[in-house]
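In: give me a 3D structure for the following:
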Amino acid sequence: MSRVRSLMVALALCTVAFTQAGAQGDGRAGRSAIQKVAPVYPELARRAHIRGVVKLEVVVRPNGSVKSANAVGGSPALIQSAIDAVRKWKFEAAPEETTEIVQLVFEPQ
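Out: Numbers count the residues shown, from 1 in each chain. Next comes the predicted model:
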């Protein structure tokens with residue numbers, strides 16, 4: 001088996017699916033995203049038929065802009081695309097910085 005094919009199989013096996021979770025882990029209602037940017041489906045993931053959910057922990061500034069985004073789970077082939085997209089999102093304004101959990105679903109079309 002070629003190295004590229006082995007890599008694609010390994011990436012496909014790394015896909016992690018999560019059940020739908022609330023925006024906050026402590027029961028509070030999270031801040032709603034008022035402007036979302038869809039992630040770009042990575043070509044390698046598309047060719048390898050990798051699908052799944054990427055779960056991110058997002059720190060949101062009081063003005064609603066994203067301060068940081070870190071992967072909590074998901075396929076390594078999809079994580080960077082998810083982070084790049086969420087960094088462009090805009091959330092509702094709030095009195096203080098908050099941490100939100102967001103999930104992006106990648107399905108080949």
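
In: C-alpha from now on. contacts and neighbour counts both.
Out: Noted.

In: the chain: helices as residue ranges?
Out: All helices of the chain, identified by DSSP state H, fall at 3-13, 43-47, 76-86.

In: which one of these has the poorest average confidence?
Out: Mean pLDDT is lowest for helix 3-13 among the helices of the chain, at a mean of 37.

In: do you know how far the residue lying closest to Ile83 once chain neighbours are set aside is from Glu107?
Out: Counting by CA to CA, 6 or more residues apart in numbering, Ala69 is the residue found nearest to Ile83 once chain neighbours are left out, at 6.0 Å. As for Ala69, its distance to Glu107 is 21 Å (criterion: CA to CA, to the nearest Å).

In: again with Ser68
Out: From Ser68 across to Glu107, the span is 25 Å (CA to CA).

In: more neighbours: which of the two?
Out: When Ser68 is set against Glu107 and neighbours are counted by other CA atoms under 10 Å, the residue ahead is Ser68, at 15 against 12.

In: show me the contacts for the more buried one.
Out: When the contact criterion is CA atoms under 8 Å, 6 or more residues apart in numbering, the partners of Ser68 are Val58, Val59, Val60, Arg87.
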